[in-house]
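Participant: Pasting a predicted model and its sequence here:
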Amino acid sequence: MAKKAAKKSGGKAAGNAKFMAPVAISAQLAEVVGDKPIPRTEVTKKLWAYIKKNKLQDEKNKRNIHADEKLKPIFGKAMVNMFEMTKLVNKHLG
């Protein structure tokens, strides 16, 4: 039995427009990326810039991020991997 592909509404352009729409930022995340609404892609870029600037990547396994005092309220724990980070950050976007 073949699965039916989910229909996409609005085509490719509409999907990109929504993806690039500015989102609200929580107070905790605003301390890292700023408090102005920005697209999710910019949130990710700013977050990675902060992580690299503060040398928060694990030396042996670069996929792991050590949370400092600003990131602990966002992540909810002392260390996360980069895939888990995206899921946790999404909770701080509106």
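Facilitator: Cool, the structure landed. Note that the structure is a prediction, hence the values are computed from the model and not measured.
Participant: Neighbours of residue 29, how many?
Facilitator: 22 (other Cβ atoms under 10 Å). The C-beta positions use only the backbone N, C-alpha and C, and glycine is treated the same way.
Participant: can I assume it sits in a helix?
Facilitator: Yes: Residue 29: assigned to a helix according to DSSP: H, G, I helix; E, B strand; the rest coil.
Participant: Give the closest residue to it in space, chain neighbours not counted.
Facilitator: residue 92 (4.1 Å; Cβ to Cβ, 6 or more residues apart in numbering).
Participant: Please enumerate the helices of this structure.
Facilitator: 11-19, 27-33, 40-53, 72-75, 82-90 (DSSP state H).
Participant: which ones are touching the closest residue to residue 88 other than its chain neighbours?
Facilitator: Distances taken as Cβ to Cβ, 6+ apart place residue 75 nearest to residue 88, at 5.3 Å, with adjacent residues excluded. By Cβ atoms under 8 Å, 6 or more residues apart in numbering, the contact set of residue 75 is 65, 67, 85, 88.
Participant: and the gap between residue 38 and residue 94?
Facilitator: Distance of residue 38 to residue 94, computed by Cβ to Cβ, to the nearest Å: 12 Å.
Participant: Find residues that contact each of those two.
Facilitator: With Cβ under 8 Å, 6+ apart as the test, residue 38 and residue 94 both reach 23, 25.
Participant: Pick out whichever of the two has more residues nearby.
Facilitator: residue 38 (19 against 8).
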